[in-house]
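1. From the sequence below, what's the structure:
(chains A and B, ligands or ions: 2)
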Amino acid sequence: MTQYQITRAPQAATAVDRRAARAQIRIQDGELNRVRAAAISWRNGLGALLAGLIGFGLIKGRTDVGQLASPYDAIVGGTLAAALVAGGFSAWLLMRAAHGRPAAVSTAELVDRSTNDPETRALQDETLDSWLALRRGVLLAFGCGFLLCSAVATTWYGPPKDGPQVEARWRNGAVLCGTVESDASGALMFRTPAGTVPLDLTGIVTLRAVDTCPTGAS
Amino acid sequence: MTTSTGHQGVPYEEITEDAYSDAFAHGARAIPTRRGVLLDGGCPRCAGQMSYPLVDKVFRSPLPPGAQVPATNSKVVAILCTCPEDHPARPDGERGCGAYWNITLSATT
Ligand SMILES: [Zn+2]
Ligand SMILES: [Zn+2]
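-> Ligands and ions are numbered 1, 2, ... in the order given. The predicted structure is shown next:
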């Protein structure tokens, strides 16, 4: 921290200097109240904004993340979790800025006995802390809103999950996994990543629906 | 109206004298804070022990900023008495005994 030294001024003070000196004091008067009032306004405004966003997200579009294809369902889940964390911290910081810390502070920590006016210094510090909390809280609230919008948008417009797939096992040990469809002539075909083959139902041991085909199987 | 610290309960008067600057600089301390500098010393007029807070920035003040804390080298700063004791005839909203003066604040590191 920079150290300062006080020495005699070259010019005598004038009435203009007095006004400047008085302004320096005046602008700090009520500063904490201004921060608190601003924090309450921001808290109310951002709270309404986020509540509106959540309400809007529930009105239309897909509401079930379970209908989304992987990995978009996980992305939406993660984004929502991040939005929740950001929103929680934001609410905490805005409350901190508006009402102060909800904890007792030791007077020894607050009252700096080395200065002539400990009150000024304690007020300055609380003002600065509240002011920084307000700024961070507002930024986090916007971050939370952005994450909420991303999650909602992905839920609405993300690719739908593929239908269930079919895994067939034959007596000779062959395993195929894919979707079953019929070709132009009406014969059942088995479509797998390796290609489409006629589905030979003779000799099938098991035929079951699976959510996803195991990787490597064809 | 004299306290044990030697405070002079002089009537409030907006006044400056050439000797104030030197008298305050002698024995005053500049305490760096998170917001700027706190100038601690005795008022040259009323001898009240006072702190004058200089800050870099203030939160959304309706008034234009006054004296600024020098970031580098030295700067002449106007200050006034903020002594917490009583001074007769002091108007509402004013502080101290009314004395004001300039000092030179220089960064040493
Ligand atoms: Zn004084
Ligand atoms: Zn005084």
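2. got the residue ranges for the helices in the chain?
-> This is for chain A. A:15-26, A:31-59, A:72-99, A:107-110, A:118-157 (DSSP state H).
3. nope, chain B
-> B:18-25.
4. That one: strands as residue ranges?
-> Assignment of strands within chain B using DSSP state E yields the ranges B:29-32, B:36-42, B:49-55, B:74-80, B:100-107.
5. Quick one, which of those gets closest to A:Ala141.
-> Closest approach to A:Ala141 among the strands of chain B (C-beta to C-beta): strand B:49-55, 27.0 Å. C-beta here means a position set from N, CA and C on the backbone, and glycine is covered the same way.
6. one step back: dump the strands of chain B into CSV; add mean pLDDT, mean neighbour count and distance to A:Ala122 as well.
-> Below are these laid out as CSV (pLDDT from 0 to 100; neighbours: other C-beta atoms under 10 Å in any protein chain shown; distance: least, C-beta to C-beta, whole Å):
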stretch, mean pLDDT, mean neighbour count, distance to A:Ala122
strand B:29-32, 91, 19, 13
strand B:36-42, 93, 23, 11
strand B:49-55, 92, 24, 11
strand B:74-80, 88, 23, 20
strand B:100-107, 92, 22, 23
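7. Which of these sits closest to A:Thr155?
-> Closest among these, using C-beta to C-beta: strand B:49-55, at 47.6 Å.
8. Let's have the strands of chain B in a markdown table, adding distance to ligand 1.
-> Below are the strands of chain B laid out as a markdown table (distance: least, C-beta to the ion, whole Å):
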| stretch | distance to ligand 1 |
| --- | --- |
| strand B:29-32 | 17 |
| strand B:36-42 | 9 |
| strand B:49-55 | 7 |
| strand B:74-80 | 8 |
| strand B:100-107 | 9 |
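9. Format the ones you listed as a markdown table; extra columns: distance to A:Ser114.
-> A markdown table is the format used below for these (distance: least, C-beta to C-beta, whole Å):
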| stretch | distance to A:Ser114 |
| --- | --- |
| strand B:29-32 | 7 |
| strand B:36-42 | 8 |
| strand B:49-55 | 11 |
| strand B:74-80 | 19 |
| strand B:100-107 | 19 |
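10. Quick one, which of those strands gets closest to ligand 2.
-> strand B:49-55 (7.6 Å; C-beta to the ion).
11. Give the pairing partners of the closest one; include direction for each.
-> strand B:36-42 (antiparallel) (DSSP bridges).
12. burial of residue 91, as a residue count?
-> You didn't say which chain, so I picked chain A. Number of residues near A:Ala91 (other C-beta atoms under 10 Å in any protein chain shown) recorded here: 18.
13. wrong one, chain B
-> B:Pro91 has 8 nearby residues by other C-beta under 10 Å.
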